[in-house]
Structures are given as structure tokens and as C-alpha cells.
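Trainee: I'll drop the sequence and a predicted model, then ask my questions.
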Amino acid sequence: MKLHQDSFISGNAKLVRNINRAVILNLIREKQPISRIEIARLSGLNKSTVSSIVAGLLEEGLIFEEVEPNQNVGRNPINLYLKLGTHRVGAINIDSPATRLAIADLDGSVKVAVTLEQKSESPEKFIRACVAKLFKLRDQLHIDHLEGIGVSVAGIVDPVQAKVVFAPRLGWEDFEIGKLLAQLCPDEGRIVIDNDARASALAELWYGNHDLKLSNFVFLAVGPGIGTGIVVDKEVIHGSSYAAGEFGHTTLFEGGELCSCGNYGCWEAYASDRATVKRYMMQKQIDPSASRQVMLQDIIDCAVQRHETLARDILRQTGHYLGMGMADIIKAVDPEAIIIGGRITDAWDIVYPEIMQTLSIRAFFGKNRKIRILPTSLVTVRPRLLGAATLAVKEIFSDFKITR
């Protein structure tokens, strides 16, 4: 059999060292505290390679070492830890009606954050406003420069070309956001852009604290719209045209409610926060143009704290609609779990039974099988904002590129 030239990926000493660096740095992140000997054992690298790369990481200020007191006779072990406070990243989660910005550390902890209302203006003007706000946060923390900036966008995003292909709720199409950000932020490290649901899935993979060690799951981001991030073998799936996971715009009811994408009957038009609020306002006969707009949190408060029957019924309907769409995900992807993020999880005791009831009918074809349906473990920071930060942090921990 004749092998084509592009069947092989060649590498040089620098590439191999960068791959080894990423392996060691990620082992420290995941296993800390950890010794050099343990790193060598887990990675299969020889001790001299580990010692050399660790020395470089110490010099970069990415890690620090600490002697562990040991009462036994012999030399006290030296453990390695991720060093915080020296490498910060910027995070921007762009959506309508609100965009959120933050400065985060390598462990995903957000140091400062702010919300910016998404206005009806050109995307270029809005991005300039976002960058100005992000720089104010940076200066507030007395940081000279950021190690990178991660941007998560509600829409179809091409992360290779750093372009927003289509974002219906923002009204953006074929917007080269990466090129503009590179011009505005020439000294702020790498800039990474991706879809917000995929970024959320990445954040759950990196920082989630479920005791399940999941490697195959779907992150379901429920907000003004619905998006999903698919993780297979601990890798986020993008698809050939970077539209993998757009389950929010699969058809739930032919000829149903009008969706923001322009089609009718999409899952998003029934199970998103906007859809839940719309049903509640219609039942309450509240004028949509009223000065005080009803928010999903208002409905949840009425249901959970005041035990309002209508609010609970509306949330149960949302649980049912969520289950309908999730049944299609289970049949298409067959994940170990579906993890749900969004404010809807504040009403988990109400929506979860409806989700499971619907799944028991629609998802398993009568087989005795259970799938884990879990609320996100990322509760201190919004998953989509933390996802933006994780996009930038991941670049620091994976400082190499392999191309054909």
C-alpha cells in the first residue's frame, strides 16, 4: 500500500518539548500536589526531561514547589503546585441582552467581573466598548497585561478563522471578531473565540467537580437561547463547519412558535428562558411592553418561595420541553451524562422530575437504561463566562499546535 506524504505528521525537538511541557503542566494542574518522581511515573517521561521542563515552568512562574514535612527518616519530598496570581486572562461572554466580562486566574477563579448591556449598534462599536471595559478591569487589578483573552459567543462560531458565522440574537453574520480584537489588544496574549455552549462544556470538563470523571457528556446551556457542547473522549466536538451541537434549532413542532433563527418550532422557542417567560406572561396577561419586564428568576421565586401554582406549572412545562429535546440528544450522541447550566437549575426540584418523566417515554425505547442528568457544578461563576476564561487558560496549558 502506498502511503501519501500527508499521512505523517513530522515534528522537531521544540515541538516534542512543547508537547511534553503541556503533559507535565496539566498533570500538575490535575494532580497537585505532585512530585517530580510521580510526574515521571504517570507521564512515562524520563526524570531528566521532567526536571528540565519543571525548571522552565518554575522560571515562568506557572508553578511553585514546596517541601512536604515528613516525620519518617529520609529526605522530605518536594511537591509541585500551580501558581496563582501571576498569570491572568480576560473573559468575554457575548449574548443578548447582556454581555459579561471578567478577569480570571489559572484555576478558573474570577477576580472581578462586570455586565455590559448589548446595544443595537454595529458589532465593531460594541466590541470596542467591551475591550475598553475589559481594560478597566485589568487596570483595576493593577495588571500590566493579560496572558490571553477568551471570547464565547451565542451563535455559530468558526474558532479557526476567529469569525462569528451567524449569531441570530445578536444580529451578527460573518463578523471577523478575531481580526478586530487582535488590532485592539496587540499586547494581551492569545485571543481565542468559540461558541458559548462549547466553551461551557470545556469549563465543565476542566473545572467541574462532579465525582464521575466524565469523558463523554453533553453540556446543555439554557439561557436566552439553547446551545449544547458535545464532549467525546475529553475533547470538545466542533464539526466540519463548526456547527456541531446546534440542537437548539432542531424542530420540535413543525410549524410551531417562531424562533430567533427565523424558523418555526425550534426547541429553543419552547425550552429557553425567553420561552418560559413568554408563556408565563401570556397566562398572566401581562403586557410585553410593560416597563417592569418579567425575568425567569421572578418566575422561579414565585414557584419556589411563594409556591404559586401557575409559576410551578409553567416551569414543569419547560422541564417537559427540555426532556423532549434531550431525548433527541441521547439518541444522537449516547453520552454518559447531560449536564445542564443556566438559571433554570435554580428550579431543579421542579423541572428535573418532568425531564426524567419525558425521557423515560421518549429516549430509551423501553430499555432499562438510565442516563445521568445533572445540574452544572459551576455554580459560583456563570458557565458561559467561565467558559470564555477557560478558552484562554487552555492555550497556556497546551502551548503547541500540530498541523499537516
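Mentor: The structure has been received and is ready for your questions.

Trainee: could you use CA atoms for every contact and neighbour count after this?
Mentor: OK.

Trainee: for the stretch 151-300 of the chain, which segments are assigned as helices?
Mentor: 177-184, 196-207, 268-271, 273-284, 296-304 (DSSP state H, counting those that start in this stretch).

Trainee: contacts only, for the nearest residue to residue 362 once chain neighbours are set aside.
Mentor: Among residues not flanking residue 362 along the chain, residue 327 sits closest, at 5.9 Å (C-alpha to C-alpha, 6 or more residues apart in numbering). By C-alpha atoms under 8 Å, 6 or more residues apart in numbering, the residues touching residue 327 are 359, 362, 363.

Trainee: is residue 316 in a helix, a strand, or coil?
Mentor: helix (DSSP: H, G, I helix; E, B strand; the rest coil).

Trainee: which non-adjacent residue is nearest it?
Mentor: Counting by C-alpha to C-alpha, 6+ apart, the residue nearest residue 316 is residue 351, at 5.4 Å.

Trainee: which residues touch the one you found?
Mentor: Counted by C-alpha under 8 Å, 6+ apart, residue 351 has contacts 315, 316, 318, 319, 320, 345.

Trainee: ok, residue 182 next?
Mentor: residue 191.

Trainee: for the one 10 residues further on, same thing?
Mentor: Residue 192 makes contact with 148, 149, 150, 151, 159, 162, 178, 391, 392, according to C-alpha under 8 Å, 6+ apart.

Trainee: residue 131: which of these is nearest?
Mentor: residue 149 (10.1 Å; C-alpha to C-alpha).

Trainee: domains of this protein?
Mentor: As assigned by automatic domain parsing, the chain contains the domains 9-82, 89-196+384-397, 210-376.

Trainee: can I get those in JSON lines including mean pLDDT and distance to residue 204?
Mentor: Shown next, in JSON lines, are the domains of the chain (pLDDT from 0 to 100; distance: least, C-alpha to C-alpha, whole Å):
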{"stretch": "domain 9-82", "mean pLDDT": "86", "distance to residue 204": "14"}
{"stretch": "domain 89-196+384-397", "mean pLDDT": "94", "distance to residue 204": "8"}
{"stretch": "domain 210-376", "mean pLDDT": "92", "distance to residue 204": "8"}
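
Trainee: deepest-packed of those, please.
Mentor: Ranked by mean neighbour count under mean count of other C-alpha atoms under 10 Å, the domains of the chain are led by domain 89-196+384-397, which reaches a mean of 20.

Trainee: how distant is that domain from the center of its chain?
Mentor: 13 Å (C-alpha atoms, centre = their mean, to the nearest Å).
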